[in-house]
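**Q** with the input below, show me the fold.
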Amino acid sequence: MSIEERFIDASPDDVFRVFGDGWSYPSWVVGASRVRAVERAWPEAGAKISHSFGVWPAVIDDTTSIVEWEPPRRVVLIARGWPMGEARVAFALKPVSGGTHVTMTEDAVSGPGALVPRAIQALLLGPRNRETLRRLGWLAEGYREGTTD
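**A** Here you go, the predicted model:
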């Protein structure tokens, strides 16, 4: 399991604008290379993004689904990445003076990745998830500044 935290200089609503834009997924999720489709229901619970991960030509097509959508405080995703398996990825947002404190928790829940001890998962996923939060912050801060409208 990986738990990473970051201060984002934007409101929780601005962070949720990024989550709500399914087409922006590969812009902030490290490893995602493209989005092939976003269900019309996105970002409602149960909706999916069809995406690919990896570097061309070795890309794998899969999906990410929303399990919980509770703006502006929490979103939980199930990210599929077969053959490695599935991960439950939760983002908890807390407004703080001048911005938002975001906690990202990722835990492998099925497939071979779930067999990896949590301490090893943390070592492997930590750097990627720190970069994911950095990218999420850049996009949310862009919304705050009005530079991405």
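**Q** dead centre of the chain: give me the residue that sits there.
**A** Geometric centre of the chain, nearest residue: residue 29, 5.5 Å, by Cα atoms, centre = their mean.
**Q** so who does that one touch?
**A** Applying Cβ atoms under 8 Å, 6 or more residues apart in numbering to residue 29 gives the contacts 79, 132, 135. The way it works is simple: take the backbone N, C-alpha and C, and place the C-beta from them, glycine included.
**Q** ditto for residue 23
**A** Neighbours of residue 23 in contact, by Cβ under 8 Å, 6+ apart: 35, 38.
**Q** for it, helix, strand, or coil?
**A** Remark: residue 23 carries the secondary structure label helix [criterion: DSSP: H, G, I helix; E, B strand; the rest coil].
**Q** mind checking which of the contacts of residue 29 land in strands?
**A** Using DSSP state E to define strands, the subset of the contacts of residue 29 located there is residue 79.
**Q** can you select the buried ones from the contacts of residue 29 in ChimeraX?
**A** Of the contacts of residue 29, the buried ones go into a single ChimeraX selection, burial set by 16 or more other Cβ atoms under 10 Å:
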select :79,132,135
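**Q** using CSV, lay out the contacts of residue 29 together with distance to residue 19.
**A** Rendered in CSV, the data for the contacts of residue 29 read as follows (distance: Cβ to Cβ, whole Å):
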residue, distance to residue 19
79, 13
132, 12
135, 13
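**Q** and of the contacts of residue 29, the nearest to residue 93?
**A** Of all the contacts of residue 29, residue 132 has the smallest distance to residue 93: 14.5 Å, by Cβ to Cβ.
**Q** average model confidence for the helix or strand containing residue 49?
**A** Using DSSP states H and E, the element containing residue 49 is strand 48-55. Averaged across strand 48-55, pLDDT comes to 92.
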